[in-house]
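1. Okay, here's the prediction I keep looking at, along with the sequence it came from:
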Amino acid sequence: MGLFYVTFPLNFLVYGLNDFTDGKADSLNPRKGNYLFGANFSKEELKSVPWYILSVTVPFLAYFSYVGGGELFIMLLFMIVLNIVYNYKPFRLKKRPPFDILMQVGYVFTALFSILLNDLQMIPWQTLLYLTLFAFQAHIAGEIMDIEPDILTKKKTTAVLIGRKKAKFLMLFLLLFEVYILKFWFDDWMLSSFLAAFSLWLILDIFIFFKDKPYTVPQMKIFGIAINVAAILSMIWVLYSGNLLHPNF
């Protein structure tokens, strides 16, 4: 039941609210309007989305509160509030750098939700740190691809504020930090090697291939497919190896 909740109702909450509040920016975003990068609906098509989200969220909130008690209720309520302050005025932290990046820590709460729901042992803080950095890095990648439509709609993100090249350097720093954590804290040569190769590609991107130029839509689609394939393979490896549960200290 927890897996189903995270896969659909929680995902619907996260990305449904994002689409609802970002309709104008998405309408000007050439990479939107597909299953790879997300929807591109009209204002009329989006107007009922919050009610749909409410209708699938409340029953699960009640169910998990019943089976998991007050702690699980507070956890889920906190995750919902995070999404509201991220998307809605007067907070709308997605337009307030650096909170647009820092708020991505919310993705890590799905792991904490699973721990509470299934009465599992808390995962190491080193693992939580790695997952947090990964969420930051992945979000920056999306911001880099969306700089042009975000500028058109006056959506101030970290990538818009500091520029494409500096955003890539920030992403590279996070990637190299993740490589260090995986190699020296977890002895995970597979994931660390993959992220090291990705870091090398990003260095070539910054200094040789793209520099400060925007990507074309076909290029972004290739990157998107590659990232999704890599994500699936990395999940399989993480489940198989169990390395992220056993830090060196």
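-> That came through fine.

2. And the pLDDT at the most far-flung residue of the chain relative to its centre?
-> Farthest-out residue of the chain from its mean C-alpha position, per Cα atoms, centre = their mean: residue 66, at 28.8 Å. You'll see residue 66 listed with a pLDDT of 93.

3. So what's the gap between stretch 130-150 and the chain middle?
-> 7 Å (Cα atoms, centre = their mean, to the nearest Å).

4. Distance-wise, check the residue farthest from the centre of the chain relative to residue 72.
-> For residue 66, the distance to residue 72 (Cβ to Cβ, to the nearest Å) stands at 9 Å. C-beta: built from backbone N, CA, C; applies to glycine.

5. Go ahead and measure how far the lengthiest helix in the chain is from the middle of the chain.
-> Counting by DSSP state H, the longest helix found in the chain is helix 49-87. Helix 49-87 sits 19 Å away from the centroid of its parent chain (Cα atoms, centre = their mean).

6. now stretch 221-241
-> 14 Å.

7. Ok, stretch 153-171 next?
-> Worked out by Cα atoms, centre = their mean, stretch 153-171 lies 16 Å from the chain centre.

8. Rounded mean pLDDT for it, please.
-> Mean predicted lDDT for stretch 153-171 stands at 97.

9. Kindly report the same for stretch 206-214.
-> On average, stretch 206-214 scores 96.

10. who touches that stretch?
-> Stretch 206-214 is touched from outside by 145, 147-148, 163-165, 168-169, 172, 205, with contacts defined as Cβ atoms under 8 Å, 6 or more residues apart in numbering.

11. which residues touch the closest residue to residue 129 other than its chain neighbours?
-> Spatially, and ignoring its direct neighbours in sequence, residue 129 is nearest to residue 181 (7.0 Å; Cβ to Cβ, 6 or more residues apart in numbering). By Cβ under 8 Å, 6+ apart, the contact list for residue 181 reads 126, 129-130, 133.

12. which residues sit against stretch 45-60?
-> Contacting residues not belonging to stretch 45-60 are listed as 5, 8-9, 12-13, 16-17, 19-20, 23, 76, 80 [Cβ under 8 Å, 6+ apart].

13. Now with 10 Å, please.
-> 1-2, 4-5, 8-10, 12-17, 19-23, 26, 39, 41, 76, 80, 83, 88 (Cβ atoms under 10 Å, 6 or more residues apart in numbering).
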